[in-house]
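Q: Whatever this is, show me its structure:
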Amino acid sequence: MDELPSVFDLLWDVKTMEQVERISRFEGDCSAASPEDLVELFLQEGMAVPDCLSGFSSTPKTELKKSQERIKELEDSLAAAKREAENLAMFLWKKYYKEDSPRFELCDSVAGVISQIDNMATGLVKRPTAQSLAAIQREAIEKCIDSLYGQYVDIGGIYQNPTLEAIKEYAEQLTDNT
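A: Numbering: from 1, shown residues only. You can find the predicted model right below:
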């Protein structure tokens, strides 16, 4: 006779697997437990459900409890994700945007906070405009010109710097195009 854990006895006055088998055949006059009750108890105890109970399912109460536990896990996970997203958003705002946007408020939802983070991160990476690129080019050209002054070559009795002249022409073209 296979003895069951004491919880079976405490809850349903079921002590052995023989009693479980009798209950599964609806022969049990030893307990008020239904086969579904026993399936639920086996699952709660982390035990394998015996073959004699395999045709029975756990009660809606067990399914509801499992669903509620899963919902709680998901809610906890979502709350943790929201806290992390809020911390990141506040860090970005304090470090980069506090002076320009002193009245910043976090969105209520995780998706909203992530959108705020996305917007702030996008604002940190500024793509150069055509004007800013032209300014960068002009600055580089001016540095080249400055470094070439005083370096002249005698070309047919006239001292010139062909590189310097070519760079000056290019700089004038840039200025005309912007």
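Q: all strands in this structure, in order from the N-terminus.
A: In the chain, the strands defined using DSSP state E lie at 153-155, 158-160.
Q: Domain-wise, how is this structure divided?
A: 6-58, 75-124, 130-177 (automatic domain parsing).
Q: So for the biggest helix by length in the chain, what gets flagged as buried?
A: In terms of residue count, the longest helix belonging to the chain (DSSP state H) is helix 60-92. Using 16 or more other CB atoms under 10 Å as the test for burial, helix 60-92 gives 62, 82, 85, 86, 88, 89, 92. For the C-beta atoms, the positions are set from N, CA and C on the backbone; glycine is no exception.
Q: Identify the residues contacting the third one.
A: The neighbours of residue 85, taking CB atoms under 8 Å, 6 or more residues apart in numbering as the test, are 110, 113, 114, 117.
Q: If you average pLDDT per helix and strand, which one of this structure comes out bottom?
A: Counting by mean pLDDT, DSSP states H and E, the weakest-scoring helix or strand in the chain turns out to be strand 153-155, with a mean of 55.
Q: one step back: who wins for most neighbours among the contacts of residue 85?
A: Highest neighbour count within those: residue 113, with 22 neighbours (other CB atoms under 10 Å).
Q: Wait, residue 52 touches residue 21, no?
A: Yes: counting by CB atoms under 8 Å, residue 52 does reach residue 21; the two are 4.8 Å apart.
Q: Overlap in contacts, those two.
A: Going by CB under 8 Å, 6+ apart, no residue sits against residue 52 while also sitting against residue 21.
Q: In this structure residue 5 contacts residue 46, no?
A: No: under the criterion of CB under 8 Å, residue 5 makes no contact with residue 46, lying 10.3 Å away.
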